[in-house]
Each structure stands twice: as structure tokens, then as C-alpha cells.
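Asker: model this:
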Amino acid sequence: MADEAFVRSLFAEHGRAMLGYAYQLTRDRAAAEDIVQEALVRAWRHADDLGSDGKGSVRGWLLTVVRNLFHDQVRARSRRAPETFEAPPDVATERDHADQVVASMVVIDALARLSSEHRAALELTYLHGYGIAEAAEVLGVPPGTVKSRVFHGLRALRDLHAADETMKERSVV
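Answerer: Have a look, this model is predicted:
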């Protein structure tokens with residue numbers, strides 16, 4: 001029962017960060033949840049090792065396990081024959097993933113154009129799934145500063161996007 005309480009406390013404290021990181025890696029909510037579940041099983045198996053000696057970060061260990069599980073899945077997929085799937089004629093197929101790639105490239109470019117403070121706050125909160133308090137701890141600033149950086153960073157991204165759209169319209173005309 002103590003092990004169950006330990007795993008529950010790990011999930012309560014680190015679950016959001018683990019799920020956010022796993023989702024960033026997989027881009028699939030179900031796959032990310034499976035990875036987090038497996039990482040927690042491994043934490044349960046190593047409960048005696050985690051937190052007993054005070055060495056290292058439990059969150060760091062958990063996120064490393066998440067990353068390793070993701071890479072294990074990628075390696076396993078690359079060794080299997082590719083799965084083929086043909087949708088029945090009455091089922092709408094997913095949009096071409098090229099749109100997602102282009103959108104990702106646009107966001108990455110826009111993030112690179114932000115100040116390092118705004119970018120770090122946005123990456124921690126949106127890409128890694130950290131809460132404001134967690135991001136503040138990582139960045140070493142007060143929570144209000146993180147909120148402000150996220151607000152101003154999002155506004156700067158919106159302004160960059162609007163400026164890019166205006167430039168595209170002018171170049172077309």
C-alpha cells in the first residue's frame with residue numbers, strides 16, 4: 001500500500017510534466033499516456049532507489065525514463081515491417097501531415113525570434129506542460145514573472161504571425 005501511495009504522489013507531483021513531455025515527443029495523447037503509465041510502473045519497481053539517497057532529481061529520473069521509453073518505441077517500430085492501412089472508402093482520411101510540419105516550422109521560427117526569457121517561459125508552460133509555479137522554480141523567478149513572460153510572449157507571437165501574414169499578402173499583390 002505504501003508503494004501505491006508513493007506512485008500516486010509521484011503522479012500528483014510530476015504527472016503533468018511527464019505527460020507534457022511525452023506528448024511533445026509522441027504528438028499522440030494516447031501514446032503519451034501509455035509512456036507515462038509505463039514510467040510510473042518503473043518508478044514503482046524502483047521505489048526503494050528513488051528518494052532514498054537524496055541523489056539527483058526524481059523529476060529528472062522520471063523524464064529520462066519517459067524519453068528512453070519513447071526512443072525504445074521508435075527503435076522497435078523501425079525494426080518491424082511498416083504497417084499498412086487502407087481506409088474504407090466511406091471513412092474520411094486524415095489531412096496530409098505536411099500541413100502539421102509547416103505549422104511546426106512556423107512556430108519554431110517564431111519562437112526563435114522571441115527573447116530568451118519569453119521563449120523559455122512559453123516552452124516550459126506550453127511544450128513541457130509545467131505549471132506556473134513549476135516553471136518559476138525552474139527559471140528561478142517569481143510566479144508572477146512567469147505569468148507576465150507567458151502573456152507577453154504569446155502577444156509577441158501573435159504580432160509576429162500578423163506581421164508575417166501582412167508580408168505574405170503584400171508579396172502576393
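Asker: which strands and helices sit next to the longest helix seen in the chain?
Answerer: Ordering each helix of the chain by length in residues (DSSP state H) puts helix 143-172 first. Contacts defined by 3 or more Cβ pairs under 8 Å, 6 or more residues apart in numbering; DSSP states H and E place helix 143-172 against helix 98-112, helix 116-122, helix 132-139. The way it works is simple: take the backbone N, C-alpha and C, and place the C-beta from them, glycine included.
Asker: Show me what the second one is packed against.
Answerer: The elements that helix 116-122 packs onto, with contact taken as 3+ Cβ pairs under 8 Å, 6+ apart, are helix 98-112, helix 132-139, helix 143-172.
Asker: List the buried residues of that helix.
Answerer: Residues 117, 118, 119, 120, 121, 122 are the ones in helix 116-122 that count as buried (16 or more other Cβ atoms under 10 Å).
Asker: ok, residues contacting it?
Answerer: Defining contact as Cβ atoms under 8 Å, 6 or more residues apart in numbering, one finds that helix 116-122 is touched by 111-112, 114, 135, 139, 146, 149-150, 152-154, 156-157.
Asker: how does it look with 10 Å?
Answerer: Helix 116-122 has contacts (Cβ atoms under 10 Å, 6 or more residues apart in numbering) with 107, 110-115, 128, 130, 132, 135-136, 138-139, 141, 145-157.
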